[in-house]
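# Next come a sequence and a model predicted from it.
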2 protein chains.
Amino acid sequence: MSQTAESTGPRRAPTMADVAQVAGVSHQTVSRVLSHHPNVKETTRAEVLRAIEELGYRRNSSARALVTRRTLTLGVVACNPTLFGPASTLFGLEEAARDEGYMVSAVTLRRYTAKALEEAIDHLSDWGVEGIVVIVPHRAAVAALAELKLPFPVVTVEGGHTLPIPGVSVDQDLGARLVTGHLLGAGHRTVWHVAGPPDWLEAGARVAGWRATLEEAGAEVPAPLVGDWTPLSGYRAGQELAGRVAAGAARRRAAEVTAVFVANDQMALGVMRAFREAGLSVPGQVAIAGFDDIPEAEFFAPPLTTVRQDFAAVGQASIRLLISRLESGNAGDAERIVIEPRLIVRGSSTPS
Amino acid sequence: MSQTAESTGPRRAPTMADVAQVAGVSHQTVSRVLSHHPNVKETTRAEVLRAIEELGYRRNSSARALVTRRTLTLGVVACNPTLFGPASTLFGLEEAARDEGYMVSAVTLRRYTAKALEEAIDHLSDWGVEGIVVIVPHRAAVAALAELKLPFPVVTVEGGHTLPIPGVSVDQDLGARLVTGHLLGAGHRTVWHVAGPPDWLEAGARVAGWRATLEEAGAEVPAPLVGDWTPLSGYRAGQELAGRVAAGAARRRAAEVTAVFVANDQMALGVMRAFREAGLSVPGQVAIAGFDDIPEAEFFAPPLTTVRQDFAAVGQASIRLLISRLESGNAGDAERIVIEPRLIVRGSSTPS
DNA sequence: GGCCGATCTGTGAACGCTAACAATGACAGC
DNA sequence: GCTGTCATTGTTAGCGTTCACAGATCGGCC
């Protein structure tokens, strides 16, 4: 009460020692109360808590991290984070991490380059993350990641199955099979495909699922068109397909464009616009299906048949995986978690 | 070389002292090299850098934060973060913060409640953020924020102008005026409005701008319908409006539904679906405009007239504002930055 | 030679916390 | 009374940085 009581200083945040003094105990007892150590007398505990309340004390996380060597912080590197998928994953992940007592720091990449990825990881390392989740589903990114020898665990989202990195992904192949099968089942002779960018693993897996389904059904496999996930690229692909419809009627029937599986909903939107402008009716003349089930898809004209991915579940799973590796010292196999997608049938693929 | 050289221990991360020893200098010199202190001889600097390289040394951020009292971490609280607006803002913000040497940690709220907001802020405080950006544009949230006396600066995004909290916002009122004026200018007697949830400040400002424009033009002000930003709520509003079109033709002409300003693009999508189902043509019978300019808007059927908000700029501005308050010791006025929106005219409001 | 200033480098003490250990007191059993 | 055990509390020593200060070295000038 004599030496430390400075009435109106610039008021620094109170420390554990301050609390200890007010409560009349040692700082260590305060620490014990805060970390729920069992051996603290009930009355002292109450006294300490009162002092904490009185001073508005909060533990200094830096000091804590310094001595425990745990920052309780996880990093995320995300690309294209305004897309519905990555954004949803990110937020599912953050919530799961918070429930586990971790903080999440995210770094976003405008575009994937090896340099940008490395800088992002560097930035996160500088802040002492204990592990990171990488949501950069480029083939090259995962390869680059496999090269990097990092001093903490890394988990990928949609990182493919070929490299020995643990990760979470939706079964893209299955999704593509579901939707292609659905279209074939509706009586179409074959299904065209507007794919995503070839360097994206998801795009490749969807192409593979689509192709396999056609082949298994003995249907002709038309050359897939390629987009970049944007509505605009879908629009361009749609224009090309519309041209084929006109021409196709005159050609052999097998490759006629009567059904299109578009690799994501945004591109499907563009395709539908192109068809509309070309005077083609959906689903009357051409059936269309997308992938992702963005919230808007149900309200497109017509409502879009698509494949729903549970992005929040992906985020949660990636955190579970990361934390489990954290606890195991990052040892053991490169575990992979696969989440099943679900076909959502709407008007764009079924005759109204 | 004698006592510290343990050949194959479990290898702890090297410290500044390790580097110092390898380089044959004191740890303080290493520190000086790392913080670009001018008074270091060129040869020693090189030697130190070599040692750093050799050991793969990285500064321990916790120790640094402990002594400097700077965590260089900023917090973000975001609500509805999968919506295009908040997501874009968040990522613009993160990039700007990174450029300034800060780390960003985000906490997301599923839904706004005072408790959830406080918990989120608590969580961030626990990790020692130096300031936070709150992207929770509820009226109540901003009010709650104004009550809380926090030991670090807070900046709001779309937090309104009434409370003394610094913040960044897009001029929603202007946006609404632009779009309403555009519709009136196209010859419509009045413009209906599908508003956002009343507890959202943006929704209120858009209603105000719309109303003011109508009043200034001497047009009748119909009662606004209310949605919740989702396509589904827009769809419901659209059904109601479609009913009025049918009935309205028989009633007095003034309140006829020939133009609708919908408070965001997603709801506009729902409205358009409802109109389509009711057999109403857009823009033939009813003109429609939205707000936000989400990437899909250009590809709706028809392409949607809307108001573009530069969310990335909002994010950047919020970081600038936060950092300026950090540097000024959070003193001075509650500065506000206002960003101008831009009208984007497309097919949904103009006769093709 | 002696002194000065400028430049460079080292030393010790924090920062606020936890871990390890030591100390205290109470109580039981012999 | 002595000893042992248990619950409770205090003491000390770091964790890896930066800061403030003190020391060392150097060149130039009186």
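Sure thing, it's come through.

# all contacts plus neighbour counts: C-alpha atoms, from now on.
OK.

# and the helix or strand harbouring residue A:52, what other elements does it pack with?
Per DSSP states H and E, residue A:52 falls inside helix A:42-55. Using 3 or more CA pairs under 8 Å, 6 or more residues apart in numbering or on different chains; DSSP states H and E, the elements in contact with helix A:42-55 are helix A:16-23, helix A:27-34.

# Looking at those helices, which is nearest to residue A:340?
helix A:27-34 (42.0 Å; CA to CA).

# Check whether that closest one comes into contact with chain B.
No: applying CA under 8 Å from any CA of the partner chain, one finds helix A:27-34 separated from chain B by no less than 12.9 Å.

# Which residues in that helix does the neighbour count mark as buried?
Neighbour counts using 16 or more other CA atoms under 10 Å in any protein chain shown place A:27, A:29, A:30, A:31, A:33 of helix A:27-34 among the buried residues.

# quick check: mean pLDDT across it?
Helix A:27-34 shows a mean pLDDT of 94.

# and it, anywhere near DNA strand C?
Yes: for helix A:27-34, a contact with DNA strand C is found by CA under 7 Å from any atom of the strand, at A:27, A:28, A:31, A:32, A:34.

# from memory the third one sits against residue A:19, does it?
No: taking CA atoms under 8 Å as the contact criterion, residue A:31 and residue A:19 are not neighbours in contact, 10.0 Å apart.

# Can you check which residues contact both of the two?
Overlap of the contact sets of residue A:31 and residue A:19 (by CA atoms under 8 Å, 6 or more residues apart in numbering or on different chains) is empty.

# which residues in the stretch 101-250 of chain A form strands?
Remark: strands assigned in the stretch 101-250 of chain A by DSSP state E, counting those that start in this stretch are A:103-109, A:131-135, A:154-157, A:167-170, A:192-195, A:225-226.

# Would you mind listing what in chain A touches DNA strand D?
Counting by CA under 7 Å from any atom of the strand, the residues of chain A lying close to DNA strand D are A:24-29, A:38-45, A:63, A:66-67.

# What remains of these if I keep only buried residues?
By 16+ other CA under 10 Å, those give A:27, A:29, A:44, A:45, A:63, A:66 as buried.

# Between those, which sits nearest residue B:169?
Nearest to residue B:169, judged by CA to CA, of those is residue A:63 at 36.8 Å.

# quick revisit: run the chain-centre distance for the helix holding residue A:52.
The chain centre lies 43 Å from the centre of helix A:42-55; the measure is CA atoms, centre = their mean, to the nearest Å.

# now do stretch A:188-203
Remark: stretch A:188-203 is offset 20 Å from the chain centroid, using CA atoms, centre = their mean.

# and if you look at stretch A:319-338?
17 Å.

# Quick check: end-to-end length of that stretch?
Terminal residues of stretch A:319-338 lie 14 Å apart, using CA to CA, to the nearest Å.

# Equivalent analysis for stretch A:182-192, please.
First residue to last in stretch A:182-192 (CA to CA) measures 13 Å.

# List the buried residues in that stretch.
Quick answer for stretch A:182-192 (16+ other CA under 10 Å): A:182, A:183, A:184, A:188, A:189, A:190, A:191, A:192.

# okay but residue A:15 is in contact with residue A:57, surely?
Yes: using CA under 8 Å as the test, residue A:15 is close enough to residue A:57 to be in contact (6.9 Å).

# Need the residues touching each of these two.
Common contacts of residue A:15 and residue A:57 (CA under 8 Å, 6+ apart): none found.
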